[in-house]
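Enquirer: Sequence first, then the predicted structure, then my questions.
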Amino acid sequence: MSTSPRGRLPLPELAEMKRRGEKIVMVTAYDAPGARFAEDAGVDILLVGDTAAMVVLGHDGTTVPVTMDEMLFLARTVSRAARRPLVVGDMPFGSYQVSDEEAVRNAIRFVKEARTDAVKLEGAGASLSRVRAIVGAGIPVMGHVGLTPQSATMLGGFKTQGKTADAARRVVEDALALEEAGCFSVVLEAVPAPVAAEIKRRLTVPSIGIGAGPDCDGQVLVYHDLLGLTEGHLPRFVKRYANLSREIRDALDAYVHDVRTGVFPDEEHAYEMPHEERELFDGADHLEQHPASQHGHD
């Protein structure tokens, strides 16, 4: 499955972009409007991320609770809207950890039921076998090393990975192992910039950074983070390009005020009747008695 149906970006084009030194842009998407906005902006890859657990489904500080059925529902909405960008479904925790067979089965569900072009899974180690099995089934796989949120507890929390020389070497080795297993690209999350630069230099497939410095072949951010829809603490690597949470709150406050004070709706937002129909309506005996009230009380 080297190319994508429906006119979407062919996978080989990503490798060509890396070769030409053109930056790849990826952003998360969880619904059709978000997919359309991102496509109109020229985004190359839409990741239906398991971050939906936090930014869409209301779970606090963890991606773990999101289910396959929830991810498939969100991925279907994105796939319906996306024309050019590659759509990647993020395999949630528990969907690939048990066995190669279950990993393949769930990856197939993303492609068949949600019409994604590829899937993403986290880590190396046991995940290498999963990658080989899924790629062997004809489904492209995006890898993910460094900070892997699904296993953040084992990593000591949401912390930068690869800060020591030994840890950095392990991150580099994991990225290279994922390429060897068949990944068409690798996400590098929360690793020091020099480590990411070395990985980018040694990989022949594109590296997509998130908190990995400027030298990756591309970058990804969470939709809600970059638009300022996420409130509270944000990771250091997030750059806010808007403050939509404030605009949304202001708009809702104004709406509540207008309804309570009777300002909305006004004539501009109401429908009229033709004059002659209004006269017929006003003159008609349209206030007929309810059948039950036509009889007097005994």
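Expert: Structure's in. What do you need? It should be emphasised that the depicted structure is a prediction, and the values quoted were computed from it without experimental measurement.

Enquirer: can you give me the strands in the stretch 51-200 of the chain?
Expert: Ranges of strands in the stretch 51-200 of the chain, per DSSP state E, counting those that start in this stretch, are 86-90, 118-120, 141-146, 185-189.

Enquirer: pLDDT averaged over the second one - what is it?
Expert: Just to be clear, that refers to strand 118-120. For strand 118-120, mean pLDDT is 98.

Enquirer: Which neighbours in the sheet does it have, and how are they oriented?
Expert: Looking at strand 118-120 with DSSP bridges, its partner strands are strand 86-90 (parallel), strand 141-146 (parallel).

Enquirer: Identify each buried residue in the last one, please.
Expert: In this case it means strand 141-146. Buried residues in strand 141-146, counting neighbours by 16 or more other C-beta atoms under 10 Å, are found at 141-146. The way it works is simple: take the backbone N, C-alpha and C, and place the C-beta from them, glycine included.

Enquirer: any chance you could map the helices in the stretch 151-298 of the chain?
Expert: 165-181, 193-202, 223-226, 244-261, 275-283 (DSSP state H, counting those that start in this stretch).

Enquirer: Take these and lay them out in TSV including mean neighbour count, mean pLDDT and distance to A81.
Expert: Formatted as TSV, the helices of the stretch 151-298 of the chain follow (neighbours: other C-beta atoms under 10 Å; pLDDT from 0 to 100; distance: least, C-beta to C-beta, whole Å):
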stretch	mean neighbour count	mean pLDDT	distance to A81
helix 165-181	18	98	29
helix 193-202	19	98	31
helix 223-226	22	97	13
helix 244-261	11	98	19
helix 275-283	10	90	41
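
Enquirer: follow-up on the earlier one: for I134, find the nearest of the strands of the stretch 51-200 of the chain.
Expert: Of all those, it is strand 141-146 that lies closest to I134, at 5.2 Å by C-beta to C-beta.

Enquirer: Alpha carbons of the closest one, as CSV, please.
Expert: Taking Å, rounded to 0.1, in the frame of the first residue of the first chain, the C-alpha atoms of strand 141-146 are listed here in CSV:
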residue,chain,number,x,y,z
VAL,A,141,3.1,2.4,10.0
MET,A,142,4.4,5.5,11.6
GLY,A,143,6.7,5.0,14.6
HIS,A,144,7.1,7.0,17.7
VAL,A,145,10.1,7.3,20.1
GLY,A,146,11.3,9.5,22.9
